[in-house]
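[1] got a predicted structure plus its sequence, pasted below:
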Amino acid sequence: METCTGRDIVKSGHGLLSTVAYQPGPGVNPVYALEGSIGVAGSVIKWLRDSMGLIKSANEINDLARSVADTGGVYFVTAFSGLLAPYWDPGAAGMLIDVFTYHAKNH
């Protein structure tokens, strides 16, 4: 997750990372952003496929997400290796929040 901060590097008081968002061309000053880093997004897809059997291929994720109007209130905190920005808690664990019997894998 990134938020553009423009031409200035902004130091976050909330644990976010300052990063280059893009550089519009050679010799042009870059545009910066504040980033909340997620360190395990790819390995979560692999876990859903290989360990949980919820998908057969990583390509299915987008189709599943598009098949519902919203998350139905389900939140998946993918803290498999702790939390990165802005919390920086290496002991945090992943969790599913607000799951009910009417939810399906596409939520």
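    Perfect, thanks for sending it. Numbering: from 1, shown residues only.
[2] K105 versus the residue nearest the centre of the chain, what's the distance?
    In the chain, the centroid-proximal residue (Cα atoms, centre = their mean) is I38; its distance is 5.1 Å. As judged by Cβ to Cβ, to the nearest Å, I38 and K105 stand 21 Å apart. All C-beta atoms are positioned from the backbone trio N, CA, C, and that covers glycine.
[3] same check, this time on N59
    Note on N59: its distance to K105, by Cβ to Cβ, is 15 Å.
[4] those two - which one has more neighbours?
    Comparing N59 with K105 by neighbour count (other Cβ atoms under 10 Å), the higher total belongs to K105, at 12 against 9.
[5] need the nearest residue in space to the more buried one, chain neighbours excluded.
    Leaving aside its sequence neighbours, K105 sits nearest to L54 (Cβ to Cβ, 6 or more residues apart in numbering; 4.8 Å).
[6] spell out the secondary structure type for that neighbour.
    coil (DSSP: H, G, I helix; E, B strand; the rest coil).
[7] ok, now how distant is it from Y87?
    In terms of Cβ to Cβ, L54 sits 26 Å off from Y87.
[8] residue farthest from the centroid of this protein?
    G27 (31.4 Å).
[9] quick check, pLDDT for it.
    Each residue has a pLDDT score; the one for G27 is 92.
[10] likewise P86?
    78.
[11] host element of it?
    Counting by DSSP states H and E, no helix or strand carries P86.
[12] repeat that for the one 10 residues further on.
    If you go by DSSP H and E, L96 is part of strand 95-97.
[13] what is that strand packed up against?
    Packing contacts for strand 95-97, counted by 3 or more Cβ pairs under 8 Å, 6 or more residues apart in numbering; DSSP states H and E, involve strand 75-77.
[14] having no further points to raise, I will conclude here.
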